[in-house]
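quick one, fold the following:
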Amino acid sequence: MKLRLPFIKNPPLVSVVRLHGAIGMAARGGLNDAALAPVLERAFRKGKPKAVALEINSPGGSPVQSSLIGARIRRLSDETKVPVIAFVEDVAASGGYWLAASADEIYGDDSSIIGSIGVISASFGAHVFLARQGIERRVYTAGKSKSMLDPFRPEDPKDVTRLKGLLGDIHENFIAHVKERRGNKLAAETDLFTGEIWLARRAAELGLIDGIGHIGPKMKERFGDKVQFRRYGIRKPLLARFGAQIAGDALGSIEERAEFARYGL
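Take a look at the predicted model:
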């Protein structure tokens with residue numbers, strides 16, 4: 001146990017929370033609000049940190065989980081008066097950028113991928129294949145929209161219209177969050193909300209991030225060479241620590257890799 005003497009000044013402390021992986025997916029300790037809640041609580045409240053640094057490497061995922069995690073970060077920051085600084089590694093895209101925008105400042109590596117402020121829904125259509133195999137699809141519902149976008153039936157234009165309406169509403173929520181958090185830092189002459197991605201230096205010019213910087217040098221620059229880091233993260237399940245992996249986790253890992261692959265990673 002460390003002895004704390006009142007006449008000895010402790011070095012500045014920065015809590016570091018690693019946010020790695022797709023949001024809302026269970027694979028490899030994927031990011032979701034329930035799993036991160038105790039992690040963030042400890043990071044903000046334990047040891048009176050000077051700041052909480054977020055190490056972000058996420059291609060996005062669930063818009064709801066992104067919003068819940070971002071809102072929790074803001075609540076804890078406001079309650080504890082502890083500033084939040086985000087450091088992007090490979091990518092902070094889509095929901096990953098939502099998390100980054102929840103910080104007070106954002107920095108990235110020269111080659112970090114930033115942006116993708118948009119919403120996507122992907123599926124498939126297999127009704128032709130079923131027909132060729134002589135398979136008949138039977139669906140019974142109570143409620144005319146209950147089987148919306150069933151991939152085993154021909155696409156209905158009305159369903160597509162409904163889906164695009166939902167995606168549009170979620171996109172507006174995303175845009176509102178970015179505008180609220182980044183304010184007048186955003187470049188007014190460029191449409192930043194098309195789903196496009198940029199490398200960090202261009203993203204800084206557009207106001208999406210605050211500059212180029214890595215966590216160690218940046219925190220020493222701000223809090224001095226004696227700054228200490230205390231790391232927090234989601235603990236892996238017991239079986240995963242011993243290398244055990246079930247089929248569901250394997251499938252989730254493939255899905256997560258597919259998300260990263262969209263950005264060439």
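
going forward, measure contacts between C-alpha atoms and count neighbours the same way
Noted.

so where is the stretch 101-250 of the chain shaky, pLDDT-wise?
236-250 (pLDDT under 70).

hey, where'd the helices end up in it?
All helices of the stretch 101-250 of the chain, identified by DSSP state H, counting those that start in this stretch, fall at 127-132, 157-182, 200-205, 215-223, 238-241, 247-261.

reformat the ones you listed as a markdown table; add mean neighbour count.
Formatted as a markdown table, the helices of the stretch 101-250 of the chain follow (neighbours: other CA atoms under 10 Å):
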| stretch | mean neighbour count |
| --- | --- |
| helix 127-132 | 13 |
| helix 157-182 | 15 |
| helix 200-205 | 21 |
| helix 215-223 | 15 |
| helix 238-241 | 11 |
| helix 247-261 | 15 |
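
nearest to residue 144, out of these?
Closest to residue 144 of the helices of the stretch 101-250 of the chain, according to CA to CA: helix 157-182, at 10.7 Å.

helices and strands around the closest one, which ones?
Packed against helix 157-182, as judged by 3 or more CA pairs under 8 Å, 6 or more residues apart in numbering; DSSP states H and E, are the following elements: helix 95-101.

return the distance of the helix it packs on from the chain's centre.
From the chain centre to the centre of helix 95-101 is a distance of 5 Å (CA atoms, centre = their mean, to the nearest Å).

which elements pack onto that helix?
Contact partners of helix 95-101 among helices and strands, from 3+ CA pairs under 8 Å, 6+ apart: strand 51-58, helix 63-80, strand 84-93, helix 157-182.

can these go into CSV with extra columns for distance to residue 220?
Output for the helices and strands packed on helix 95-101, formatted as CSV (distance: least, CA to CA, whole Å):
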stretch, distance to residue 220
strand 51-58, 12
helix 63-80, 21
strand 84-93, 13
helix 157-182, 24
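
closest to residue 224 out of the ones you listed?
strand 51-58 (13.0 Å).

that closest one to strand 84-93, inter-axis angle?
Strand 51-58 and strand 84-93 meet at an angle of 0 degrees, taking axes from the mean of the first three to the mean of the last three CA atoms, to 10 degrees as the criterion.

thinking again about what came up before, for residue 125, find the nearest of the helices and strands packed on helix 95-101.
That would be, of these and by CA to CA, helix 157-182, which comes in at 13.0 Å.

the closest one to helix 63-80, inter-axis angle?
20 degrees.

please compute how far helix 157-182 lies from its chain's middle.
On CA atoms, centre = their mean, the centre of helix 157-182 falls 17 Å from the chain's centre.

who wins for proximity to residue 51 among the helices of the stretch 101-250 of the chain?
helix 215-223 (9.1 Å).

from the contact counts, what lies against the closest one?
Packed next to helix 215-223, using 3+ CA pairs under 8 Å, 6+ apart, is no helix or strand.

give me the contacts around that helix.
12, 14, 53, 87, 226-227 (CA atoms under 8 Å, 6 or more residues apart in numbering).

next, the angle strand 84-93 makes with that helix.
150 degrees.

now helix 215-223, how far from the chain's geometric center?
23 Å.

ok, now stretch 155-173?
22 Å.

what comes into contact with it?
Contacts for stretch 155-173 (CA under 8 Å, 6+ apart): 63, 117-121, 125, 145, 148-149.
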